[in-house]
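> Everything below, folded, please.
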Amino acid sequence: MRPRHWRQWILLAGVLAWTLAGSACHSGDPDALWKIVHGQCVPDQTGHGSPAPCAEVHLDGGEDHGYALLKDRNGPYQFLLIPTAPIPGIESPRLLAADAPNYFWDAWQARKLVEQKAQRSLPREALSLAINSAYGRSQQQLHIHIDCLRPEVRAALQAHLHEIGAHWAPLSVPLAGRHYRAMRIAESAFAQANAFALLDDAGGLAKHTLVAAGATFEDQTPGLILLDDSASLWRLDPGHGEDLQAHSCS
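Numbering: from 1, shown residues only. I've put the predicted structure just below:
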């Protein structure tokens, strides 16, 4: 077979694998989270003062700037932060608007719900946030996963903390088999930052997955390590940062 035909077969195999991976990620009702939040949690909160079936609903800025916190069915401790406005995912321009809510900070504050489920206090280094790319998610409503970090990922970040600076740079070790770039940010700065804007990609954010892992820096400053990976057909990488989370808290 001629070399160009080999290349065509390799490309075809890659496209098929990507399609199958995408089908697995997008099984089920892609609007399930929106139906729960918009159809149940928000009406229950506004009509009855109860957020059920969500754990919490926050509407101080109205539905356009509000969010709900829902216990996820995967894992004993995982929660999801879900905007009460219709936002499909990380690629939405609404997330980069000047008045966009700081969903990542709200999600970090909600880590207390994970601790409540675990029935114990957890070190900040054990906790994390994750949002998957447009190609690696199962739902067409933005949601941030709030859960514990995989122990081996936590150990790798701690061992290479000295490499991680205030600007994006490739991390020298893979995490869960994927190569990420990383940056550090103090918790006080994270409270004011737009985490989506920090990705700084003029080509759009659809391919990005973003993870925030709790950290304590060398001078004992509390902060977070941000991790970014991009979906890639050639690497068969759907951009699924959730893979760095344990869905258990050991």
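
> Need the three-state assignment for G223.
strand (DSSP: H, G, I helix; E, B strand; the rest coil).

> give me the beta-bridge partners of it?
On the basis of DSSP bridges, G223 is bridged to A186, A215.

> show me what contacts it?
Counting by C-beta atoms under 8 Å, 6 or more residues apart in numbering, G223 makes contact with 184-187, 190, 215-217. For the C-beta atoms, the positions are set from N, CA and C on the backbone; glycine is no exception.

> hey, where'd the helices end up in the protein?
Remark: helices assigned in the chain by DSSP state H are 3-25, 32-36, 42-48, 103-109, 111-118, 151-159, 187-190.

> where are the low-confidence patches of the protein?
Low-confidence segments of the chain, defined by pLDDT under 70: 1-27.

> can you rerun that using 80?
Residue ranges of the chain with pLDDT under 80: 1-27, 202, 250.

> now the strands: where do they sit in it?
Taking DSSP state E as the test, the strands found in the chain are 56-58, 67-71, 79-83, 127-131, 144-148, 169-170, 181-186, 208-216, 222-230.

> Pull the residues that contact stretch 225-239.
Residues from elsewhere that reach stretch 225-239, judged by C-beta under 8 Å, 6+ apart: 14-15, 17-18, 21-22, 25, 132-136, 157, 161, 164, 168, 171, 175, 178-185, 195, 198-199, 206-213, 215, 241, 244.

> again with stretch 55-72
If you take C-beta under 8 Å, 6+ apart as the criterion, stretch 55-72 is touched by 33, 36-37, 41-42, 44-46, 51, 53-54, 78-85, 99, 101, 103, 106, 110, 113, 117, 145-146.

> repeat that for 6 Å
37, 41, 45, 51, 54, 78-85, 101, 106, 110, 113 (C-beta atoms under 6 Å, 6 or more residues apart in numbering).
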